[in-house]
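Asks: below are the sequence and a predicted model for it; my questions follow.
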Amino acid sequence: MSFQILINGISTGTVYALIAIGFALVFNILKFSNFSYGATMTASAFIAYFLVASKGWGLVPTLICSALAGALISLIGEFVGFRRILKNHSPSTYFFVSSITLGSLYEGLVTLKAGTNFYVYPNFFETPTIQLFQTVISKENIIMLVISVAALLALAFVIQKTSIGRAIRAVSFDRDTAQLMGINATLIIQAVFIISGIFGGLAGCFLGIKYTLTATMGSLVVKGFIASVIGGLGSLTGAVIGAMLLGIMEAIFLSTMGSGWATIASFAVMLVFLLIRPQGIAGSNVQEKA
Amino acid sequence: MSHDVLLKVSGLCVNYGHIEALKDVNVEVRKGEICSIIGANGAGKSTFLKAVSALVKPLKGTIEFEGEELPKKPYKVVKKGVIHVPEGRRTFSGLTIEDNLLVGAYLSDKSKIREDLERQYDLFPILRERRNQFAGTLSGGEQQMLAVCRGLMSHPKILLLDEPSMGLAPIIVSQIYDIIQRIRESGITILLVEQNAKKALSICDYAYVLENGRIKLEGSGNDLLNSDDVRKAYLGG
Ligand SMILES: Nc1ncnc2c1ncn2[C@@H]1O[C@H](COP(=O)(O)OP(=O)(O)OP(=O)(O)O)[C@@H](O)[C@H]1O
Ligand SMILES: [Mg+2]
């Protein structure tokens, strides 16, 4: 396996990790799958395209805009779609319907503005590649890698070492008891939606850079679902490991059998993996965290 | 209002749908005392504590603490110094013991946290030894101790304890009860809810008997221990 393929795989993997983590954080705290997450990524990426990238403002402002848009959309989604359902202790089918509806709504709004066309972020660098250890590597891949890793490390620090991180974990385990410790659970849930939205916005922007912007690009969220299932649903570390494996595997398949077969092959491997180890990599932690 | 009454609950009614869990309950807890509420399964004891800590919304009635009505949100009740240690311990099983204690100190002064932790570890040295292990690995008795210590981390004025002896061996129960007395001696008022009537009555200053959502009897711990009604119904004759 060449160095270049490995770098590509790792950089794709870290983007999948952002998707998986943003998804898993909300899953952990509300115990439901937020199916509007894919469309949140799409909408953020488009907002960043129209407001920033198309005006030629460069990569970093585009990323910041996309992350902020993701946070805002996610926060609104929590309020409109989930707050009441949670308060009334409604069955989880309501979350399902609510999140699918929200997702379709976001996607509809994007289609209204963008139609069914493809959009392409402008080239953010004059020379798009650099030479490293005798291989040509795209600068965008490196930037994605660095920013994703930084975001993941920052999150790990917050979750493990800070008071708000402990509160997030406490609410994820037992919301009522966490409130008895003086934690405002609603506020913590909002914070989680904001973090999830930031991750979704970053991931959406990265996907737009890697591929193209389309109204249906949110379907790539599936990669995040797969990664968090491989990792063990509910485990954040597991999700990152699962995402890296998926990214690297795809890169290898892509270089050996071409794009058509690569997708099929990676899904096949996932299915086999789930048959052998349905609890995911993180295994026994899962029950405690879910 | 007598001025050493810390917690005063008047005319409390709580319904779950059509189930009337509490009907016109009046309870007063005086500052510095151990007050207990005893009653059988389903009497409404936990519901009473949940109403005080705002986990459930009362249909009617007032809950006053230090002469003021308590807020309607659990985290705001905590800010007033009212800490509810729930039934079944409810420790955060996937957090370490130390993290459990730190969550308990969520609203406390962060500069004194080390001291507060050490105080809990002195109370139960086993927690110090195992502070970096997941709370889920503790035994039932140890988890109960952790739950109590977690509650103490926020320097409560009153501690609401829901069946701290549930499912524990007699020797562990005695340990927990010793600790409850020590906590009271440190100046914290205690409202203790129990099915274990004998234990609770023997340490409390004042007690209420809850039956089917109503207060059936009240009196000093000793009086109730010696009352025929209580003996027949709760102390096995
Ligand atoms: N969430 C709920 N929904 C519906 N009914 C409930 C709920 N919680 C409690 N109840 C009912 O309210 C009544 C009082 O329950 P509560 O838990 O307060 O009793 P308890 O005295 O604490 O009993 P135990 O000793 O078993 O803990 C019971 O009839 C119970 O079935
Ligand atoms: Mg109870």
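Replies: Happy to help now that I have it. Ligands and ions are numbered 1, 2, ... in the order given.

Asks: and the residue nearest the centre of chain B, which of the three is it?
Replies: Nearest to the geometric centre of chain B sits B:L161, at 1.6 Å (C-alpha atoms, centre = their mean). Three-state assignment for B:L161 (DSSP: H, G, I helix; E, B strand; the rest coil): strand.

Asks: OK, contacts around it?
Replies: B:85, B:148, B:180, B:190-193 (C-beta atoms under 8 Å, 6 or more residues apart in numbering or on different chains). Heads up, the C-betas are built off the backbone N, CA and C, glycines and all.

Asks: just checking, which of the residues you listed belong to helices?
Replies: Using DSSP state H, the members of the contacts of B:L161 that fall in helices are B:148, B:180.

Asks: what about chain A: which of the contacts of B:L161 touch it?
Replies: Applying C-beta under 8 Å from any C-beta of the partner chain to these, one finds that B:V85 fall near chain A.

Asks: so which of the contacts of B:L161 comes closest to ligand 2?
Replies: B:V193 (6.9 Å; C-beta to the ion).

Asks: re the thing from before, measure the residue nearest to the centre of chain B to ligand 2 for me?
Replies: To ligand 2, B:L161 is 11 Å away according to C-beta to the ion, to the nearest Å.

Asks: for that residue, list each beta-bridge partner.
Replies: Per DSSP bridges, the residues bridged to B:L161 are B:V85, B:L192.

Asks: mind pulling the model confidence for it?
Replies: For B:L161, the pLDDT comes out at 97.

Asks: equivalent analysis for A:S148, please.
Replies: At A:S148, pLDDT is 93.

Asks: so it sits against A:Y16, correct?
Replies: No - A:S148 is beyond contact range of A:Y16, at 9.3 Å (criterion: C-beta atoms under 8 Å).

Asks: looking at those two, which has the bigger crowd around it?
Replies: A:Y16 (31 against 25; other C-beta atoms under 10 Å in any protein chain shown).

Asks: ok, that one touching A:A227?
Replies: Yes - the pair A:Y16 and A:A227 qualifies as a contact (C-beta under 8 Å) at a distance of 5.0 Å.

Asks: what's the overlap in contacts for the two?
Replies: The contact lists of A:Y16 and A:A227 share A:243, A:246, where a contact means C-beta under 8 Å, 6+ apart.

Asks: about what we covered before: distance to ligand 1, pLDDT and neighbour count added to the contacts of B:L161, as TSV?
Replies: Below are the contacts of B:L161 laid out as TSV (distance: C-beta to the nearest ligand atom, whole Å; pLDDT from 0 to 100; neighbours: other C-beta atoms under 10 Å in any protein chain shown):
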residue	distance to ligand 1	pLDDT	neighbour count
B:V85	14	97	26
B:V148	18	95	23
B:I180	18	95	23
B:I190	17	97	22
B:L191	13	97	26
B:L192	13	97	26
B:V193	7	96	25
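
Asks: and which of the contacts of B:L161 is nearest B:T96?
Replies: B:V148 (17.4 Å; C-beta to C-beta).

Asks: residue with max distance from the center of chain A?
Replies: Farthest-from-centroid check, chain A (C-alpha atoms, centre = their mean): A:Q134, 32.1 Å.

Asks: immediately after the helix or strand that contains A:F193, which helix or strand?
Replies: Using DSSP states H and E, A:F193 sits in helix A:185-210. Sequence-wise, the next helix or strand downstream of helix A:185-210 (DSSP H and E) is helix A:221-231.

Asks: wait, does that next one contact chain B?
Replies: No - against chain B, helix A:221-231 shows no contacts by C-beta under 8 Å from any C-beta, the least distance being 15.8 Å.

Asks: tell me what that helix is packed against?
Replies: For helix A:221-231, the elements it packs on are helix A:3-30, helix A:37-51, helix A:236-276, judged by 3 or more C-beta pairs under 8 Å, 6 or more residues apart in numbering or on different chains; DSSP states H and E.

Asks: tell me which of these is the most buried.
Replies: helix A:37-51 (a mean of 27; mean count of other C-beta atoms under 10 Å in any protein chain shown).

Asks: next, the angle from that one to helix A:185-210.
Replies: Counting by axes from the mean of the first three to the mean of the last three C-alpha atoms, to 10 degrees, helix A:37-51 lies at 60 degrees to helix A:185-210.

Asks: and helix A:37-51, C-alpha only, in PDB?
Replies: Output of helix A:37-51 as PDB, limited to C-alpha atoms (Å, rounded to 0.1, in the frame of the first residue of the first chain):
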ATOM      1  CA  TYR A  37     -28.100  14.900  10.500                       C
ATOM      2  CA  GLY A  38     -27.200  14.200   6.800                       C
ATOM      3  CA  ALA A  39     -29.300  17.000   5.600                       C
ATOM      4  CA  THR A  40     -27.800  19.300   8.200                       C
ATOM      5  CA  MET A  41     -24.400  18.600   6.700                       C
ATOM      6  CA  THR A  42     -25.700  19.300   3.200                       C
ATOM      7  CA  ALA A  43     -27.400  22.600   4.200                       C
ATOM      8  CA  SER A  44     -24.300  23.800   6.100                       C
ATOM      9  CA  ALA A  45     -22.100  23.100   3.100                       C
ATOM     10  CA  PHE A  46     -24.400  24.900   0.800                       C
ATOM     11  CA  ILE A  47     -24.800  27.900   3.100                       C
ATOM     12  CA  ALA A  48     -21.000  28.200   3.300                       C
ATOM     13  CA  TYR A  49     -20.800  27.900  -0.500                       C
ATOM     14  CA  PHE A  50     -23.200  30.700  -1.200                       C
ATOM     15  CA  LEU A  51     -22.300  33.000   1.600                       C
END
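
Asks: pretty sure B:V193 contacts B:K45?
Replies: Yes - using C-beta under 8 Å, B:V193 is in contact with B:K45, at 4.3 Å.

Asks: right, I'll call it a day here.
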